[in-house]
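Undergrad: Here is the input, now give the coordinates:
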Amino acid sequence: MASGRTHQGTAVRLDLAYDGTAFSGWAKQPGRRTVQGEVERALGIFLRHPVIVRVAGRTDAGVHAAGQVASFVTGARVVPERLRLGLNALLPEDVAVSAVTCVPEGFDARAAVARTYRYRLWLAPERPALERHFVWHVHGRVDTEVLVASAAVFTGRRDWRALTPSAHLYRDCTREVLAATWRPAAVIEGCGEEWVFEVTARSFLHMMVRVMVGSMVEVALGRLTLDDIAAALTCGERRRMGRTAPARGLMLMRVAY
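TA: Purely as a prediction, here's the structure:
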C-alpha cells in the first residue's frame with residue numbers, strides 16, 4: 001500500500017470494460033446515463049466520499065471499451081482486490097472493472113502515450129441480429145483490397161482537421177497516427193465476412209476514427225477515390241470526406257503508458 005500514498009491520498013488506476021450501447025458516452029452529462037456517472041457513483045458509495053475520475057479516452061455515445069483506463073485519488077484506505085469486487089457489485093451489468101492498482105503519485109489516466117481503437121465491419125447479405133450493437137453492417141459490394149490499401153492514407157503526423165466535425169474546438173488538429181490497418185476477422189455463415197480496422201495514435205480528435213472508417217468504406221464502395229480523400233485532407237474540409245461510421249462498431253481496445 002505504500003505505492004501511490006501521498007499527503008493527498010492514494011492514487012488509484014482502474015482498468016474498465018463497458019458496452020456503450022445504453023450510455024450517452026463516457027463524460028458526465030446532466031440528466032443522462034454515462035459511464036463516468038456510474039463509475040463515480042459506485043466509487044462514492046464504496047469509499048464513502050465523492051470521487052472525480054480522469055480517463056484515457058472520452059468515448060462517445062454508443063462506443064464501447066475493452067481496455068479503458070481511469071484514475072482518481074482518495075484519502076480512504078484502498079485494498080485493490082476488495083475495491084474491484086466492491087465496484088463490480090455496485091456497477092450495472094454493462095460496466096466491469098478488470099483491475100484496480102495503486103499507482104505512483106501523479107499518475108493521470110489522460111497522460112497515455114498511445115491509444116488503440118478497433119472498428120468492426122460486417123459485410124454480409126443478412127443483418128447481424130446477434131452482433132448488431134458491435135458492428136457496422138454494410139450492404140453494398142465492398143472491394144476489400146481497396147479497403148486495405150486505403151488505410152495507408154491515414155498514417156503519419158499531419159493536420160487531421162478534415163476528420164472531425166469539431167475542428168473549431170481545437171487549438172491544433174495535428175496528431176501522429178502510428179499504425180492503421182485492416183484485416184479479415186471471420187467468415188460469416190451465409191457468404192459474408194467480418195473485417196476489423198485497428199488504429200493507434202497518441203491521441204485522437206472527436207469522431208476521428210469513425211470518419212476515417214466511413215471514408216474508407218466510401219472508397220471501397222466506389223463512391224470516393226483515394227485522390228478525393230487526399231485532397232480533402234490537404235484542404236482540411238470535413239464536408240469533402242466520407243460519412244461518419246456508426247458508433248456501435250467502435251471499441252477502445254488498449255491504452256499504453
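Undergrad: In the stretch 151-257 of the chain, where is pLDDT below threshold?
TA: Applying pLDDT under 70 to the stretch 151-257 of the chain flags the ranges 189-191.
Undergrad: where along it do the strands fall?
TA: 156-159, 174-188, 192-201, 250-256 (DSSP state E, counting those that start in this stretch).
Undergrad: Can you pull out the residues in contact with the one helix or strand D15 maps to?
TA: Assessed by DSSP states H and E, D15 sits inside strand 9-18. With contact meaning CB atoms under 8 Å, 6 or more residues apart in numbering, strand 9-18 is reached by 1, 4, 35, 39, 53, 64-78, 80, 83, 87, 94-107, 109. For glycine as for every other residue, the C-beta is placed from the backbone atoms N, C-alpha and C.
Undergrad: redo that, cut-off 6 Å
TA: 4, 35, 65-66, 68-75, 78, 94-103, 105, 107 (CB atoms under 6 Å, 6 or more residues apart in numbering).
Undergrad: if we can go back for a sec, pipe the strands of the stretch 151-257 of the chain into CSV and attach distance to D60 per row.
TA: Shown next, in CSV, are these (distance: least, CB to CB, whole Å):
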stretch, distance to D60
strand 156-159, 22
strand 174-188, 17
strand 192-201, 16
strand 250-256, 8
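Undergrad: Could you dump those into TSV with mean neighbour count and distance to L14 added?
TA: Formatted as TSV, those follow (neighbours: other CB atoms under 10 Å; distance: least, CB to CB, whole Å):
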stretch	mean neighbour count	distance to L14
strand 156-159	13	31
strand 174-188	15	25
strand 192-201	20	22
strand 250-256	20	12
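Undergrad: any idea how far V209 is from L252?
TA: Note on L252: its distance to V209, by CB to CB, to the nearest Å, is 10 Å.
Undergrad: for A179, same thing?
TA: 13 Å.
Undergrad: related to what we said a few turns ago, now a ChimeraX select for only the buried ones of the contacts of strand 9-18.
TA: Selection of buried members from the contacts of strand 9-18 for ChimeraX, criterion 16 or more other CB atoms under 10 Å:
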select :4,35,65,68,69,70,71,72,73,74,78,94,95,97,100,101,102,103,107
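Undergrad: among the contacts of strand 9-18, which are in strands?
TA: Counting by DSSP state E, the contacts of strand 9-18 place 65-66, 68-74, 95-103 in strands.
Undergrad: give me the number of residues near L130?
TA: L130 has 7 neighbours, counted by other CB atoms under 10 Å.
Undergrad: before we move on, what SS does it have?
TA: coil (DSSP: H, G, I helix; E, B strand; the rest coil).
Undergrad: In contact with it, which residues are there?
TA: For L130, the contact set (CB under 6 Å, 6+ apart) is empty.
Undergrad: ok, now how distant is it from M208?
TA: In this structure, L130 and M208 are 29 Å apart, going by CB to CB.
Undergrad: Tell me which other helices or strands the helix or strand harbouring L87 touches.
TA: Using DSSP H and E, L87 maps to helix 80-90. Other helices and strands packing on helix 80-90, by 3 or more CB pairs under 6 Å, 6 or more residues apart in numbering; DSSP states H and E, are helix 35-47, strand 95-103.
Undergrad: same thing but 8 Å
TA: On a contact count with 3 or more CB pairs under 8 Å, 6 or more residues apart in numbering; DSSP states H and E, helix 80-90 meets strand 9-18, helix 35-47, strand 95-103.
Undergrad: looking at it, A220 is touching T144, isn't it?
TA: Yes. Between A220 and T144 a contact is recorded at 6.9 Å, counting by CB atoms under 8 Å.
Undergrad: ends of stretch 221-239, how far apart?
TA: 18 Å (CA to CA, to the nearest Å).
Undergrad: Residues touching stretch 69-77, excluding its own?
TA: 1, 6, 8-16, 39, 43, 47-49, 51-56, 103, 107-109, 112, 255, 257.
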